[in-house]
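Asks: A structural model of the following input is requested.
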Amino acid sequence: MYKPIFNQRKALRFRQFTRKGYALFACLGRVVTIGVLSVATLESASAATDDISTKTEKTSDDEQTDKEATLDGVEITGSRAPLALGQAARMVTVLSREDIQAAPVQSINDLLKMAVGVDVRQRGPIGAQTDVSIRGGTSEQITILLNGINICDPQTGHNAFDLPCDVIDIERIEVLEGPAGRVYGTSSLVGAVNIVTLRNEKLDNKKEKWTGAARVEGGSYGYLSAAGRISHYSSLISHLSASMTRSDGYSRAKSGALNSDYSGGKVFYQGGYANADFNIDWHVGLSTKGFGSNTFYSAKFDEQYERTTKLYTAIQGETKGRFHFKPAIYWNRSHDRFELIRGSEDKVPFNYHRTDVFGINLNSYFDWQLGRTAVGAEFRNEDIVSGNLGEPLNKPIHISGTDRDYLYGLNRTNLSFHLEHNILLRNFTLSAGFIAIKNTWNEMPFTIYPGIDVSYRIGDHWKVYASYNESLRMPSFTELYYSVGGHKADKYLKPEELRAVEGGVKYSSRMWNVKASIFHHHAKNMIDWVMDTREADPIWQSVNHTKVNTFGQELSASFLTSHSSFLISYCHLHQKKQEADYLQSQYSLEYLRHKFTSQITIQPMEKLEVTVGYRFQDRMGSYTNTAGEVKNYHPYSVVDGKVTWKEDTFSIYIKGNNLTGHRYVDYGNVPQPGAWVIAGVKIALD
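Replies: Below you'll find the predicted structure:
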């Protein structure tokens with residue numbers, strides 16, 4: 001009988017450890033069973049998806065039993081020293097390639113909406129501008145990584161998800177909830193999201209191989225998107241992809257002009273080489289887009305426009321043997337142009353920014369009698385030249401393609417050292433360490449942020465865990481210096497700091513996965529833009545909130561059968577802040593008090609798959625409408641769906657977002673679109 005791949009919940013047993021990085025387990029003198037972490041988000045999505053590079057397999061119930069496997073494919077980045085998924089003390093949510101391809105979404109940003117602890121606030125669809133936060137934080141307070149490389153934009157977190165890769169390039173997404181300072185350094189105040197693209201494929205007999213994929217889809221509001229990827233496998237691995245997307249947008253300005261339109265493209269190349277002694281990977285990616293910004297930054301102007309261009313480069317390697325050295329070097333460049341009145345620089349001058357980030361890091365780890373130890377350091381330099389951000393430059397820098405110059409700028413350097421030790425026993429894992437950080441901005445001294453994660457496995461199905469972690473976040477250049485257009489920044493802002501404790505329990509079986517957790521965050525000097533509504537002509541000011549305390553609970557459960565899956569999850573947050581009622585917030589005083597998600601996937605026929613998702617959100621906070629009235633956010637519900645027909649070499653699908661057509665506001669004064677329907681086809685090239 002046909003059974004989708006997602007029903008193969010296999011335990012992984014390892015008997016050979018010779019010349020493996022995980023030789024530490026050999027000291028246990030017994031078979032080690034590593035259970036795959038149950039994904040708390042979208043784990044019910046079928047792995048027998050419309051992914052055009054995935055072949056459908058027929059399995060039997062016997063194939064859901066234990067299976068011998070190597071450790072290569074189950075490492076995660078929830079700690080400085082890579083650990084197998086089942087051994088990790090920190091709970092990391094992993095969205096697999098199959099989950100991503102099956103979900104009824106248009107972008108990676110949409111996919112993260114189903115993660116119960118993640119708050120995705122979009123000012124525009126298709127990923128035009130998305131703020132992603134975790135557990136009541138802000139978009140500035142999480143680290144975004146591409147293949148483990150920090151790609152955060154120090155100018156602003158609004159553009160952090162300008163990824164250079166398309167959905168067809170993604171291998172998996174790792175979401176680490178809670179402070180991650182000792183793992184990812186600055187910016188990871190409340191968590192991190194690591195985007196992992198396609199990696200090397202093992203070939204039989206070292207034969208050369210070419211593969212490819214293509215996607216075309218179109219739908220509501222003049223939406224059209226196309227993407228393609230070609231891969232070459234030999235001693236040198238290469239992946240090259242390109243994509244383009246455009247839309248007329250779902251709204252118009254008062255003048256009748258477009259104000260939510262979108263057009264953009266991406267090009268991404270990734271290469272790799274491996275032998276018995278070391279492996280090396282590199283990537284180069286370009287993302288460019290322009291989009292109508294509606295009333296994103298000011299309710300008084302409804303024809304705003306923004307264009308961003310980002311270049312990402314990185315090369316990293318790892319030696320093999322007893323001692324693992326993992327050096328990496330990267331450089332990212334970002335160009336940003338904002339138009340308060342679209343195409344009318346004579347009325348209001350455009351804002352131009354150019355940001356360069358250069359980094360070098362070295363992480364190393366080794367196994368010995370007492371466990372696995374990681375030690376390393378990172379140097380990261382952040383530089384911006386701008387029309388209005390930073391201190392006056394000694395010498396102006398010309399803005400290419402214009403008759404203007406960059407007049408301001410700022411440069412700061414972050415230096416960090418980390419040490420972590422992991423104790424791995426049969427049913428017990430302890431991971432403890434610290435990171436010491438110094439930043440040249442504001443003469444910050446070396447400061448230590450410790451953390452410890454503990455987990456204990458009870459029998460074959462239960463696992464309990466607890467953690468304590470500290471972290472920090474440096475202010476963005478915008479928070480420090482943006483003092484135009486009704487905003488007043490404070491260049492003397494303090495870094496944000498957070499202490500968090502968490503505990504939870506997890507149950508896993510062949511058909512059921514249940515996880516419950518409770519956590520408390522104590523933060524000080526939280527940064528936000530606030531407005532004093534008592535003033536006759538109020539403006540937005542960047543300030544440090546003295547203290548913010550967040551208490552939360554998360555619960556998720558999934559049930560899998562041979563032809564269906566069901567997921568349900570809920571997150572509740574309560575924040576206490578020292579605040580006045582007359583203050584209106586843009587970020588940290590706005591959080592999801594309640595978030596509920598559910599998703600069901602069924603296969604009524606062998607080649608037909610149907611997925612329906614439901615999401616309910618209740619946000620705290622308020623916003624000011626175009627009439628100057630302060631409005632509270634209202635709860636809303638969204639229903640999404642996707643129907644897919646799969647063949648061996650292609651799949652066709654139709655998907656819809658917000659099928660009930662509910663018009664809601666989730667970010668400031670920007671209404672979200674109603675129903676959005678898309679149809680498409682994917683083709684495999686092998």
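Asks: Quickly run through the sheet partners of the strand or helix carrying T601, with directions.
Replies: T601 belongs to strand 592-605 when elements are defined using DSSP states H and E. As defined by DSSP bridges, the strand partners of strand 592-605 come to strand 564-577 (antiparallel), strand 608-619 (antiparallel).
Asks: so where's this protein shaky on pLDDT?
Replies: The chain contains residues with pLDDT under 70 at 1-78, 84-86, 200-206, 578-579, 587-588.
Asks: what residue is smack in the middle of it?
Replies: Central residue of the chain (CA atoms, centre = their mean): V193, 3.4 Å from the mean position.
Asks: Contact partners for that residue?
Replies: L112, V132, I142, T143, I144, L145, I173, E174, V175, L176 (CB atoms under 8 Å, 6 or more residues apart in numbering). C-beta coordinates here come from the backbone N, C-alpha and C atoms, glycine included.
Asks: next one: G290
Replies: Contacts for G290 (CB under 8 Å, 6+ apart) come out as Y262, S263, G264, Y305, E306, R307, T308.
Asks: how many other residues sit next to the third one?
Replies: The burial metric for G264, expressed as a neighbour count using other CB atoms under 10 Å, is 22.
Asks: repeat for the fourth one
Replies: Residues contacting Y305 under the criterion other CB under 10 Å number 22.
Asks: Which of the helices or strands spans it?
Replies: With elements taken from DSSP H and E, the one containing Y305 is strand 304-319.
Asks: Now do whichever helix or strand comes after that strand and strand 304-319, the angle between them.
Replies: Reading on from strand 304-319 to the C-terminus, the next helix or strand found by DSSP H and E is strand 323-339. Between strand 323-339 and strand 304-319, the angle comes out at 170 degrees (axes from the mean of the first three to the mean of the last three CA atoms, to 10 degrees).
Asks: Counting by contacts, list what the helix or strand just after strand 323-339 packs against.
Replies: Downstream of strand 323-339, the first helix or strand assigned by DSSP H and E is strand 351-368. Applying 3 or more CB pairs under 8 Å, 6 or more residues apart in numbering; DSSP states H and E, one finds that strand 351-368 contacts strand 323-339, strand 371-386, strand 405-424.
Asks: which neighbours does strand 351-368 have in its sheet, and in what orientation?
Replies: Sheet pairing for strand 351-368, assigned by DSSP bridges, gives strand 323-339 (antiparallel), strand 371-386 (antiparallel).
Asks: buried set for it?
Replies: Burial within strand 351-368, assessed by neighbour count using 16 or more other CB atoms under 10 Å, is assigned to 351-357, 359, 361, 363-367.
Asks: and what of stretch 429-448?
Replies: T429, L430, S431, A432, G433, F434, I435, A436, I437, N439, W441, M444.
Asks: T478 is in what secondary structure piece?
Replies: Under the criterion of DSSP H and E, T478 resides in helix 477-481.
Asks: Other residues contacting that helix?
Replies: For helix 477-481, the surrounding residues in contact (CB under 8 Å, 6+ apart) are 140, 154-156, 355, 384, 386, 388-390, 408, 410, 489-491, 493, 527, 529, 542.
Asks: Stretch 675-684 now?
Replies: The contact list for stretch 675-684 (CB under 8 Å, 6+ apart) reads 50-53, 106, 125, 168, 211-221, 223, 225, 250, 648-661.
Asks: that's a strand at the residue nearest to the centre of the chain, yeah?
Replies: Yes - assigned with DSSP: H, G, I helix; E, B strand; the rest coil, V193 falls within a strand.
Asks: gap between M444 and G459?
Replies: Taken as CB to CB, to the nearest Å, the spacing of M444 relative to G459 amounts to 47 Å.
Asks: neighbours around A328, how many?
Replies: Using other CB under 10 Å, the number of residues around A328 comes to 21.
Asks: May I have the beta-bridge partners of it?
Replies: Q316, N361.
Asks: doesn't I360 make contact with it?
Replies: Yes - the pair A328 and I360 passes the contact test of CB atoms under 8 Å, sitting 7.3 Å apart.
Asks: re the thing from before, let's see which of the buried residues of stretch 429-448 end up in strands.
Replies: Counting by DSSP state E, these place T429, L430, S431, A432, G433, F434, I435, A436, I437, N439 in strands.
Asks: sorry, back to before: only C-alpha atoms, please: export the helix holding T478 in CSV.
Replies: Output for helix 477-481, consisting of C-alpha atoms alone and laid out as CSV, is shown next (Å, rounded to 0.1, in the frame of the first residue of the first chain):
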residue,chain,number,x,y,z
PHE,A,477,22.2,52.4,13.1
THR,A,478,18.7,53.5,12.5
GLU,A,479,17.8,53.4,16.2
LEU,A,480,20.9,55.5,17.0
TYR,A,481,20.7,58.2,14.3
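Asks: how far is it from where the chain is centred?
Replies: The gap between where helix 477-481 is centred and where its chain is centred comes out at 23 Å by CA atoms, centre = their mean, to the nearest Å.
Asks: now do stretch 325-335
Replies: Computed by CA atoms, centre = their mean, the separation of stretch 325-335 from the middle of its chain amounts to 18 Å.
Asks: cool, stretch 314-324 as well?
Replies: Going by CA atoms, centre = their mean, where stretch 314-324 is centred and where its chain is centred differ by 25 Å.
Asks: Could you do stretch 243-251 as well?
Replies: On the basis of CA atoms, centre = their mean, stretch 243-251 is displaced by 22 Å from the centre of the chain it belongs to.
Asks: Let's verify the residue located most distally from the centre of the chain: helix, strand, or coil?
Replies: Counting by CA atoms, centre = their mean, the extreme residue of the chain relative to its mean C-alpha position is A536, 39.7 Å from that point. Reduced to three states with three-state DSSP, the structure at A536 is coil.
Asks: Compute the number of surrounding residues for the residue lying closest to A180 once chain neighbours are set aside.
Replies: Distances taken as CB to CB, 6 or more residues apart in numbering put S188 closest to A180, at 3.9 Å, once the chain neighbours are dropped. The local packing of S188 (other CB under 10 Å) involves 30 other residues.
Asks: Could you double-check that S188 lies in contact with G181?
Replies: Yes - with contact defined as CB under 8 Å, S188 and G181 form a contacting pair (5.8 Å).
Asks: between those two, what contacts are shared?
Replies: Listed contacts common to S188 and G181 are S471; contacts here mean CB under 8 Å, 6+ apart.
Asks: Got a ChimeraX select line for the buried ones in the contacts of stretch 675-684?
Replies: To isolate the buried members of the contacts of stretch 675-684 in ChimeraX, using 16+ other CB under 10 Å:
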select :50,51,52,53,106,125,168,211,212,213,214,215,217,219,220,221,223,225,250,651,652,653,654,655,656,657,658,659
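Asks: Take the contacts of stretch 675-684 and keep only those in strands.
Replies: 211-219, 223, 225, 650-657.
Asks: beta partners of A679?
Replies: Beta-bridge partners for A679, by DSSP bridges, are G218, I654.
Asks: And for it, the neighbour number?
Replies: By other CB under 10 Å, the residues close to A679 number 14.
Asks: Compute the first-to-last residue distance for stretch 173-193.
Replies: Stretch 173-193 has an end-to-end distance of 7 Å (criterion: CA to CA, to the nearest Å).
Asks: how about the contacts of G290, which pair is most distant?
Replies: Put simply, by CB to CB the two of the contacts of G290 set farthest apart are G264 and Y305, 13.2 Å from each other.
Asks: Give the residues shared as contacts by the two.
Replies: Between them, G264 and Y305 share the neighbouring residues G290, F291, with contact defined by CB under 8 Å, 6+ apart.
Asks: Can you point out the buried residues in stretch 557-575?
Replies: Taking 16+ other CB under 10 Å as the neighbour-count basis, stretch 557-575 is seen to contain the buried residues 557-558, 560, 562-565, 567-571, 573, 575.
Asks: May I see the residues you listed arranged in CSV, with distance to L685 as well?
Replies: Shown next, in CSV, are those (distance: CB to CB, whole Å):
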residue, distance to L685
A557, 39
S558, 33
L560, 31
S562, 30
H563, 29
S564, 31
S565, 29
L567, 32
I568, 38
S569, 37
Y570, 42
C571, 41
L573, 45
Q575, 50
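Asks: Check those residues and tell me the two furthest apart.
Replies: S562 and Q575 (42.7 Å).
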